[in-house]
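Student: Quick one, fold the following:
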Amino acid sequence: MTGRSPPILSNGGWDCHVHVVGSPSEYPMVTDRHYTPGAASVDELREHMARHGISNVVIVQPSFYGTDNRCMLDALLSLNGPGRGIAVLADDVSSGELHRLHAAGVRGIRINLESASVRDPSVIGSSLAVWARKIADLGWHIQLYAAPELFSAAADQLAQLPVPTVLDHFAMTSSRADRSDPSLRAVLALLERGSTYVKLSAPYRISADPSQDADRIARLATWLHDANPERILWGTDWPHTNREPGVAAHAISRVNASASPTRLQVRPITMPSSPSNTTLRLPPGWRMVPPGSR
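Tutor: From the prediction side, this is the model:
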């Protein structure tokens, strides 16, 4: 007996949200970043996949690399098959560059407004319009990391876009939100229409204490799942990078101590919640495949 927890995905499946952090000398971070994570290599990612029964991953471009996607692209090349990428791109990216990224395994772009604390609804509206037009012919999707009130403000636009959208981290809905919350109601309506996907990942981004909020997080996951099970994605947010309280932006923040992968998964939605268990596990055989990943 090794004492190791059983794999999260017994039949293989997608972890739809991971990051790779390379050597600072090879992949320098942007100067105006909000935090500095420690290294998380492709080999460590492979170990994460093997340990938890994960067969495929979506590598998401993190904020601290800006629009320099080389680390993510090199990770895809090293994985040689089981990975797809989400890029962050400059507004003036060329069509040729988009096709080059597609050939490298990129299947979406990320609009990250949350890291910069953007709350202006006009910003998300203009960004959605520009990027949907640029990527529609590629079959990509738009991944949104933004405050929940922005999803509410952009709900009509999100419902009519010609490309799929994916809302990161429970659509950033607070674990304390109830069904009357206007932003949550807007997200649930988008799910019901099939207009967007929501990613169940990183509960520590919607709760100051996921252990204490386990029941609330499970309740929120249930509401999202029940709105449209076919539009729910799952991710670990490995290696759980985040700014450590009190640590300067250019000092290395430690891995989130409360975010071991076995504490982040989605337990079968039909099972009763347990205050002592923040583990959210997937139902057997449930494979949540990100849009455009083929």
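Student: so what does the helix or strand harbouring Asp156 touch, helix or strand wise?
Tutor: Using DSSP states H and E, Asp156 sits in helix 155-160. Secondary-structure packing of helix 155-160 (3 or more CB pairs under 8 Å, 6 or more residues apart in numbering; DSSP states H and E): helix 121-135, helix 182-193. (C-beta placed from N, C-alpha, C; glycine too.)
Student: how about a cut-off of 10 Å?
Tutor: If contacts are counted by 3 or more CB pairs under 10 Å, 6 or more residues apart in numbering; DSSP states H and E, helix 155-160 sits against helix 121-135, strand 165-167, helix 182-193, strand 196-200.
Student: Can you give me the buried ones in stretch 162-175?
Tutor: Buried residues in stretch 162-175, counted by 16 or more other CB atoms under 10 Å: 163-175.
Student: Could I get those in a markdown table, plus columns for distance to Trp140 and pLDDT?
Tutor: A markdown table is the format used below for the buried residues of stretch 162-175 (distance: CB to CB, whole Å; pLDDT from 0 to 100):
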| residue | distance to Trp140 | pLDDT |
| --- | --- | --- |
| Val163 | 6 | 95 |
| Pro164 | 9 | 94 |
| Thr165 | 11 | 95 |
| Val166 | 11 | 95 |
| Leu167 | 16 | 96 |
| Asp168 | 16 | 94 |
| His169 | 20 | 93 |
| Phe170 | 23 | 95 |
| Ala171 | 20 | 95 |
| Met172 | 22 | 94 |
| Thr173 | 25 | 96 |
| Ser174 | 29 | 95 |
| Ser175 | 30 | 93 |
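Student: ok, these vs Val130, which is closest?
Tutor: Nearest to Val130 out of the buried residues of stretch 162-175 is Val163 (CB to CB; 11.8 Å).
Student: and the closest one, what element?
Tutor: Using DSSP H and E, Val163 is not contained in any helix or strand.
Student: can you check Ala116 too?
Tutor: Using DSSP H and E, Ala116 falls within no helix or strand.
Student: okay if I get the buried residues of stretch 162-175 as JSON lines plus distance to Ala75?
Tutor: As requested, those are exported to JSON lines (distance: CB to CB, whole Å):
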{"residue": "Val163", "distance to Ala75": "24"}
{"residue": "Pro164", "distance to Ala75": "23"}
{"residue": "Thr165", "distance to Ala75": "24"}
{"residue": "Val166", "distance to Ala75": "19"}
{"residue": "Leu167", "distance to Ala75": "24"}
{"residue": "Asp168", "distance to Ala75": "19"}
{"residue": "His169", "distance to Ala75": "21"}
{"residue": "Phe170", "distance to Ala75": "25"}
{"residue": "Ala171", "distance to Ala75": "26"}
{"residue": "Met172", "distance to Ala75": "25"}
{"residue": "Thr173", "distance to Ala75": "29"}
{"residue": "Ser174", "distance to Ala75": "32"}
{"residue": "Ser175", "distance to Ala75": "31"}
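Student: So what's the model's average confidence on the longest strand anywhere in the chain?
Tutor: Criterion DSSP state E: the longest strand present in the chain is strand 106-112. Averaged across strand 106-112, the pLDDT comes to 95.
Student: okay, the helices and strands packed on helix 155-160 in CSV with distance to Thr36 next?
Tutor: Below are those laid out as CSV (distance: least, CB to CB, whole Å):
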stretch, distance to Thr36
helix 121-135, 26
strand 165-167, 26
helix 182-193, 31
strand 196-200, 24
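Student: hmm, back to that, okay, the angle between the longest strand of the chain and helix 121-135?
Tutor: If you take axes from the mean of the first three to the mean of the last three CA atoms, to 10 degrees, strand 106-112 sits at 170 degrees to helix 121-135.
Student: Tell me the buried residues in strand 106-112?
Tutor: Neighbour-count burial for strand 106-112 [16+ other CB under 10 Å]: 106-112.
Student: Tell me, what's the model's pLDDT at Tyr145?
Tutor: pLDDT, Tyr145: 92.
Student: Could you report the neighbour count for it?
Tutor: By other CB atoms under 10 Å, the residues close to Tyr145 number 20.
Student: so who does it touch?
Tutor: 60, 63, 110-115, 166-169, 171-172, 199, 205 (CB atoms under 10 Å, 6 or more residues apart in numbering).
Student: now Val187
Tutor: Here Val187 is in contact with 148, 151-152, 155, 158, 167, 170-173, 177, 181, 196, 198, 223-224, 227 (criterion: CB under 10 Å, 6+ apart).
Student: what about 7 Å?
Tutor: By CB atoms under 7 Å, 6 or more residues apart in numbering, the contact set of Val187 is 148, 151, 167, 171, 173, 198.
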